[in-house]
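Whatever this is, show me its structure:
(chains A, B, C and D)
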4 protein chains.
Amino acid sequence: MCGIAGTWNVEDSYNVVHDLLLALQHRGQQSAGIVVNGFKSIKGEGLVENVITDEKFIPGSCAIGHVRYSTYGSIDEIQPLIAHTFKGRVALAHNGNIVDADERRKFVMENGGIFSTTLDSEIFIHYFSIAPYRSPKDSLQWTLSRIKAAYSIVMLHDTFLAAARDTFGIRPLFYGKFNNGYVVASEDSALSSIGCTDIIEIEPGSIVFFTDGNSPEIIYFGQRNDRFCSFEFVYFARPDSNFYGVNVHEIRKKLGMKLFEEHKVIGDVIVPVLDSGFSGALGYSTASKIPIDYGLIRNHYIGRSFIMPKNRQDIVRRKLSPLSSVVQDKEVILIDDSIVRGTTMKVIVEMVREAGAKKVYVGIHSPAVVGPCNYGIDTSRRSELIASQRDIENLKAYVGADKLFYLSVENYKKVFEESGVKGICMGCFDLNYPA
Amino acid sequence: MCGIAGTWNVEDSYNVVHDLLLALQHRGQQSAGIVVNGFKSIKGEGLVENVITDEKFIPGSCAIGHVRYSTYGSIDEIQPLIAHTFKGRVALAHNGNIVDADERRKFVMENGGIFSTTLDSEIFIHYFSIAPYRSPKDSLQWTLSRIKAAYSIVMLHDTFLAAARDTFGIRPLFYGKFNNGYVVASEDSALSSIGCTDIIEIEPGSIVFFTDGNSPEIIYFGQRNDRFCSFEFVYFARPDSNFYGVNVHEIRKKLGMKLFEEHKVIGDVIVPVLDSGFSGALGYSTASKIPIDYGLIRNHYIGRSFIMPKNRQDIVRRKLSPLSSVVQDKEVILIDDSIVRGTTMKVIVEMVREAGAKKVYVGIHSPAVVGPCNYGIDTSRRSELIASQRDIENLKAYVGADKLFYLSVENYKKVFEESGVKGICMGCFDLNYPA
Amino acid sequence: MCGIAGTWNVEDSYNVVHDLLLALQHRGQQSAGIVVNGFKSIKGEGLVENVITDEKFIPGSCAIGHVRYSTYGSIDEIQPLIAHTFKGRVALAHNGNIVDADERRKFVMENGGIFSTTLDSEIFIHYFSIAPYRSPKDSLQWTLSRIKAAYSIVMLHDTFLAAARDTFGIRPLFYGKFNNGYVVASEDSALSSIGCTDIIEIEPGSIVFFTDGNSPEIIYFGQRNDRFCSFEFVYFARPDSNFYGVNVHEIRKKLGMKLFEEHKVIGDVIVPVLDSGFSGALGYSTASKIPIDYGLIRNHYIGRSFIMPKNRQDIVRRKLSPLSSVVQDKEVILIDDSIVRGTTMKVIVEMVREAGAKKVYVGIHSPAVVGPCNYGIDTSRRSELIASQRDIENLKAYVGADKLFYLSVENYKKVFEESGVKGICMGCFDLNYPA
Amino acid sequence: MCGIAGTWNVEDSYNVVHDLLLALQHRGQQSAGIVVNGFKSIKGEGLVENVITDEKFIPGSCAIGHVRYSTYGSIDEIQPLIAHTFKGRVALAHNGNIVDADERRKFVMENGGIFSTTLDSEIFIHYFSIAPYRSPKDSLQWTLSRIKAAYSIVMLHDTFLAAARDTFGIRPLFYGKFNNGYVVASEDSALSSIGCTDIIEIEPGSIVFFTDGNSPEIIYFGQRNDRFCSFEFVYFARPDSNFYGVNVHEIRKKLGMKLFEEHKVIGDVIVPVLDSGFSGALGYSTASKIPIDYGLIRNHYIGRSFIMPKNRQDIVRRKLSPLSSVVQDKEVILIDDSIVRGTTMKVIVEMVREAGAKKVYVGIHSPAVVGPCNYGIDTSRRSELIASQRDIENLKAYVGADKLFYLSVENYKKVFEESGVKGICMGCFDLNYPA
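Residues are numbered from 1 along each chain as shown, chains lettered A, B, ... in the order given. Model (predicted):
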């Protein structure tokens, strides 16, 4: 996953994009980069606070930035990308994955083009350069009408800032007013946090151009056909973010409520599996009238401990403390948003049982993942996930729970529909992919 | 506040004390130090992970360490202290404050003694050196029988590790088995987190001596008279710690329940003020049957933002997001463990109101603080607190709440009594000090 | 200025290129970069030791690296450059400046090519990509036959390492054997320092290809016409380096000897202006029989002092101590290799006079600079230099010397001819440029 | 070895002491420390620039500082020492070694005193505290009249700065005016470098007290009996320093001249062994009329190279380049100030021979070391030195020189006498120790 941000006509844009990237840090912790007008850039591996530092301040009134979940090791691979073209200089930051990147890349190279990275994102710039127009705006419109999902991008040109989403709107993107200028970011909560007003969700299939002395200009390059990634709601986004005007925390609560309605699993106490399960557990509690309690305490600093446990299980054991006073002699319902590898959940179930629980039930407020994601979620991580979830009975035995229950695809879909979120992508749950 | 730790006959004690200090990091973030046998030391300002690093590893089978809430700027002032005496070398780490430190210090200096720090903790070592005994153990016993509360200490000598608490037992201290040796720490959860077993709470008025080839030897130096700091339960300690066998999270829940019983303030939703109010809010919800919900979301990285708000209020505004969907048109009951300056609560009330709350009530699950603490809680911070709380009506007006209610001293006391925690110190609440 | 290095079939090439760049550090201190096979790269501003660190080690048996005198602020602008082309992946490091870079760049962009940097060095890669050959070797040969001076380059391809110099041989480049492989570097002393043997100076107008299982293959792409930069001898290179088999320290001594022969300025003592004047002063002393003495002592650490002098003159005063015992009541002849701004020499003359010198004469063992350099020496620095040197009488008055004398262009040239170094470039001295 | 510095009534003393310590960095590179009034301190291992940084600035108008050659690993052992006594707070920095430290330390401890370090320097403070006077000045005078050589110290008290040297004056110490206040440092060149005026060498057996509103007050505590360490001249001090009004560089030249006069060893070229041999080689050249040349070039950055040579000899080989053009077919006379282990010289001789020298002669412009130093020169290093120098014939064979010659004790002594430096210590050369 990635987070992107941009500014136009904003004093000390370096600082503003820094703050937006901080607020988007949960979308990617492995690299960060910023480009300020004059096309000066700072890039590096690691967290925003370590890369985009105070001493490296670059003056300027427009900028774009990027945070990323995974990098391939070379500093050249870190976004935003910069290029000098016959149509002006451009910088670009991209969230998502181009589905047919390999063919497009080959096409460019066969015609003598050179790629300075292995990133599919660089294709946008080549197409922009070879587009059969002199106008940069027309060239960008032509480019996006030819490149398939999934992408949300910000592009800084000598004469404008552009922000665009693919026609499916798979990844989010917002803009709003800030003092006399404009700011763009992947989530509206990031914009709110810096005091931005008049926040607007960019329409799928449109480009918003910010230029000097004008209101933002919206250009459509394709037919809108909403397939927003539902995992943004379930897992990635901050609880105080909103998509389609619907709050993330509220959706998670509703998923938790629906989970109870579907399975009616009853117990003595509901224990959220840390932060990710909090909202869903609250919903389950509301619907079931079963009390919620904090039966798992996280040891915050354990990640940096020196006495290294031999295996992953022991790491989990050092990271979490179950509270006996909460679970002793109880039927405990653990609620989480998803199961990644299953190894963590296996240890949690074990620990809760050792702390005295009579029964341990595990409820997941999304469906089991059955297919890969080609739209911007790290595939390697996903493949492990799929493997471990082919069969719910097996998984239940593996994690050692007395019950294991997921929300069905139908009910999952229904929650979004009932909330007014139409057109979601559930490809990883139902293999029904948009492109 | 401070956290202390020690090891005896434990392989790579450097790593073990490091991990214990990590688990005690919440008790002090401003300096950290470690002394390993051979009396090599590492000290520095800041977090454990920045001071006690991997590259500085010191081999050895015993060690003591310290984390501290406040330092006076000089590296010489960072604990543990080291001294070379006629009775052998000693290193010492101290949690608490000696009540009559000034007189005792003057006494030592008038007799030609020199202090290398301004810390009251150095008095222990001088008394140890001038005690009228040749035996180091007898000297320590004599020392502690003369020095008044408050202290929990670990002391490393060439021939033993000692761990002791004053007769009131104001500050906590625990020890347990680890492989073939022993480990000591301020909280039992720190010991548990590294896999320590047979954990024992050190008795007030006793010293536990760990020596080679023997079981721990317990020496009593004064009459036990329990006055354990109740603020450890309310605020300082981790929720998975236990004192007198009673779990911290459970006490907080009971304080929340008692708060409802006492005031019966009714509303539509209970919103915990972040982590510190979670347990109490849960108790209030359980007792009142009013649903709890997460109406305040923290922006984790905002502390490092570059666009600096002009005043403290704006900082709070950037740090917290209220969720309209949770509080809109509701009577909201905010629950927190204590009010420090009041400025933060004032902004929170304002924000919750702006997010649409009909009424905002503030419940605090401890009594109002009316006196200073002389036993180890940072006084400067405390004095601001007192000033702002002289009158609850004034404070209510200041924070702008529709209602503001504290737990009474009587009910507060009752919760501890009912839980089996006898002999607490409530000096800051009722001016009834132990010494 | 820049330094470049490369390896082929050398174990842990990262370490070897690191060490070569360390030994070339005097050629550029502002940025450093390395690319190891698999095309992983590390780049950053500052010294080699700060950028190419131990922890960032990248395994691999071939690599290229670069150190640079000036960067334009963005990490993207740091060499080596990396590109993915239809003919394979390439990385390139370049020392020098392409004379007709602007036209060539425009040509590429008009045909849809995008530049990811502002560096003229990127032109090599575009030409390589658009060359009308499928073979990478043929493509490189075609490229170099079309791109004008000045350049020494190393280029890493999936299937070879190439090292080449322009037909004038303006910048140096050497290669030699190292264990079972080959190493390349800007100066032979760098190769010697790591224990490399069989060191060969690459011929102007040739490419040396290093491939698996073969001896190096030499391809000529143009007619050799030697115009080696004589400033490499005078100023840039290390005294233990050799060009055309002639030692740098020896040439500097001969320039000093010739300076005496030309001007016959007599005095009591010769004082070298620090390191840069040492060799020349020795020559002047040898020829004149006037004793040399160290009358100027450098305060090594003053660059990092906190009490900042108000102006440049005071900085020089803190950086240097004149020894009264050496200069008192003497006619002092200061010898240096060149005068950059004149401000430093002005203060030195002043200080030596204050320390008691009767007369202060300044001898420079190269001619006055009258034109810019377009072949890789930083122009901005050069332009200040030219401005200050238009008239020797003026300059003498400015620096306050009793005499100021330069080596004439004719004698300068003669020293190189007599030493067997034919075909040097003296464009900055006589406006006679090669291209 | 150590360097010490102090200020009184000097604005931003932190910066001034920092700059003095920078200028004394050659006297100790392993730890650095500073104490500013209010007795705030900064200490750490490593170079001044890494320890006493800009961000840690402490305001104040008086300060003392220390740089040290060796530390015993703990940050508590780094000077200056700080103590709180009945007579006020004191901070102390010490250069030298107390000869009877063990007995004095035992005496203090038996009387109940505690040492917070293992440093002999702490004895000064204990004696100050137990001195039978109320007046701090009287107490310091009493202390110094009882503690034997060797020491130069600076001591900061609440009411004064004191600077003192033992009666033998073994270690140097100077003071001078700086703006409206005073500064103290181990070498006069350090004082000069910051622009200090009216520099005075502190008399052996005296204390200079700097107090508010008065001229410095000089108190004598013992009979002056000059035995200044002659190794300060030969090796430790900067060439632009002066002791007894005699310049260090000049003494070294004279030692070189005397070396020729004594041995009359003739050759074709004199090659100084890097910086330490420069001045002596110049003297040898002046006396013998044999030309000097730079036949050994240092590779400055090799200390940080990654390809680690297997043994010490290979390290030297990578660190130094002999110039064939200088030594080929010549009888080469290498001049150095001393031989430490002999291993380095062995490799140098080997390299010079390989570079083509016909004969290699080694001249040392000080006598062979035959005894330890108890006055502040690191003993461990010295003991290796002694072992390797018991017999000059053996040593000659070991280093592989055709000739090896030292300056005799008599001639060495004579150079100092003729220069007007009376009363030097030559204990390590002639076993005639002062105390």
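
How much space separates the residue in the stretch 101-250 of chain A positioned nearest to chain B from chain D?
Minimum separation of the stretch 101-250 of chain A from chain B (C-beta to the nearest C-beta) falls at A:Asp240, amounting to 4.1 Å. Every residue, glycine included, has its C-beta placed from N, CA and C. A:Asp240 is 35 Å from chain D, where distance means C-beta to the nearest C-beta, to the nearest Å.

And the pLDDT at that residue?
Reading off the per-residue confidence, A:Asp240 sits at a pLDDT of 93.

Would you enumerate the residues in contact with it?
Listed by C-beta atoms under 8 Å, 6 or more residues apart in numbering or on different chains, the contact partners of A:Asp240 are A:189, A:192, A:247-249, B:297, B:321, B:323.

Columns pLDDT, distance to D:Ile153 and neighbour count on top of these, output as JSON lines?
JSON lines is the format used below for the contacts of A:Asp240 (pLDDT from 0 to 100; distance: C-beta to C-beta, whole Å; neighbours: other C-beta atoms under 10 Å in any protein chain shown):
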{"residue": "A:Ser189", "pLDDT": "94", "distance to D:Ile153": "62", "neighbour count": "23"}
{"residue": "A:Ser192", "pLDDT": "91", "distance to D:Ile153": "62", "neighbour count": "21"}
{"residue": "A:Asn247", "pLDDT": "96", "distance to D:Ile153": "70", "neighbour count": "22"}
{"residue": "A:Val248", "pLDDT": "96", "distance to D:Ile153": "67", "neighbour count": "25"}
{"residue": "A:His249", "pLDDT": "96", "distance to D:Ile153": "66", "neighbour count": "26"}
{"residue": "B:Ile297", "pLDDT": "89", "distance to D:Ile153": "60", "neighbour count": "20"}
{"residue": "B:Ser321", "pLDDT": "87", "distance to D:Ile153": "60", "neighbour count": "21"}
{"residue": "B:Leu323", "pLDDT": "94", "distance to D:Ile153": "66", "neighbour count": "23"}
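
circling back: now the residue of the stretch 101-250 of chain A closest to chain B, what's its secondary structure?
Using DSSP: H, G, I helix; E, B strand; the rest coil, the secondary structure recorded for A:Asp240 is coil.

A:Met109 too?
helix.

need the contact list for it.
Applying C-beta under 8 Å, 6+ apart, we find A:Met109 in contact with A:115, C:84-86, C:129.

if you skip the residues just before and after it, what's nearest to A:Thr117?
Counting by C-beta to C-beta, 6 or more residues apart in numbering or on different chains, the nearest residue to A:Thr117 once its immediate chain neighbours are dropped is A:Glu77, at 5.2 Å.

same question, A:Ile78
Counting by C-beta to C-beta, 6+ apart, the nearest residue to A:Ile78 once its immediate chain neighbours are dropped is A:Lys43, at 4.2 Å.

for A:Pro204, same thing?
Across the structure, with C-beta to C-beta, 6+ apart as the measure, the residue nearest A:Pro204 apart from its sequence neighbours is A:Gly169 (3.0 Å).

what stretches of chain A score poorly on pLDDT?
Applying pLDDT under 70 to chain A flags the ranges A:71-75, A:301-306, A:308-312, A:340, A:378-390.
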